[in-house]
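1. Need a 3D model of the following:
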Amino acid sequence: MIQTVAGIYEALPSDERAQAGILAGENDEAAALNLYGDEYSLPKAISGSNTFFLRGYGSLPPETLIVVGFAQETVDSLFEQCALAGTITNPYGVENDLRDPPNIFVCRNPLLPWDELWEQLKRYS
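-> Reported below is the predicted structural model:
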C-alpha cells in the first residue's frame with residue numbers, strides 16, 4: 001500500500017504535490033501510512049476514523065487528496081473530481097480487513113467546506 005501511494009504521490013505535478021494530502025478511510029491505514037511513509041517523503045495521512053478524527057486535517061487543508069479505503073460512490077459524493085489512480089494488492093495472501101475493491105483515488109475540490117467535510121468523515125467504530 002505504501003509503495004503504491006508513494007508512486008501516485010510522486011506522479012502528481014510538483015505544484016500539486018506541495019499542497020497534497022492523504023485521506024485514509026480507517027485509522028489502521030492512516031497509521032501504516034504515517035509509520036512507513038517517511039521513507040517515501042509522504043505527507044502525514046489524515047482520517048476521520050476513531051481518534052484520528054481528533055487530530056484534524058491540518059491548519060492548511062490539502063487541495064489534492066490521495067484517498068485510500070473509500071468506495072467510488074463515497075468519493076464521488078464528497079469531491080467534485082476523483083480519478084482511480086491505483087489498487088492495493090496483497091501478493092502474499094495475508095488475511096486482512098481491507099475493503100473490496102481496494103482502490104486508491106486522487107480527488108480534488110471537496111463539495112463542502114473543509115470543516116463540514118471533516119464532520120462528514122467522522123466515524124467511531
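
2. Helix or strand: which one has A30?
-> For A30, the host element (DSSP states H and E) is helix 27-36.

3. in stretch 23-42, what's buried?
-> 23-30, 32-34, 37, 42 (16 or more other CB atoms under 10 Å). Every C-beta, even on glycine, is put in place using the N, C-alpha and C of the backbone.

4. Closest one to V106 out of those, please.
-> Relative to V106, the closest of the buried residues of stretch 23-42 is L23; by CB to CB it sits at 10.7 Å.

5. Compute the distance between that closest one and A71, please.
-> 13 Å (CB to CB, to the nearest Å).

6. Y9 too?
-> Y9 is 21 Å from A71, by CB to CB.

7. Now pLDDT too, for the buried residues of stretch 23-42, in TSV please.
-> Formatted as TSV, the buried residues of stretch 23-42 follow (pLDDT from 0 to 100):
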residue	pLDDT
L23	97
A24	95
G25	92
E26	91
N27	91
D28	90
E29	92
A30	95
A32	94
L33	96
N34	97
G37	97
L42	97
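
8. Let me have those in CSV, adding distance to S14 as columns.
-> Output for the buried residues of stretch 23-42, formatted as CSV (distance: CB to CB, whole Å):
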residue, distance to S14
L23, 21
A24, 23
G25, 27
E26, 29
N27, 30
D28, 30
E29, 25
A30, 24
A32, 26
L33, 21
N34, 23
G37, 18
L42, 15
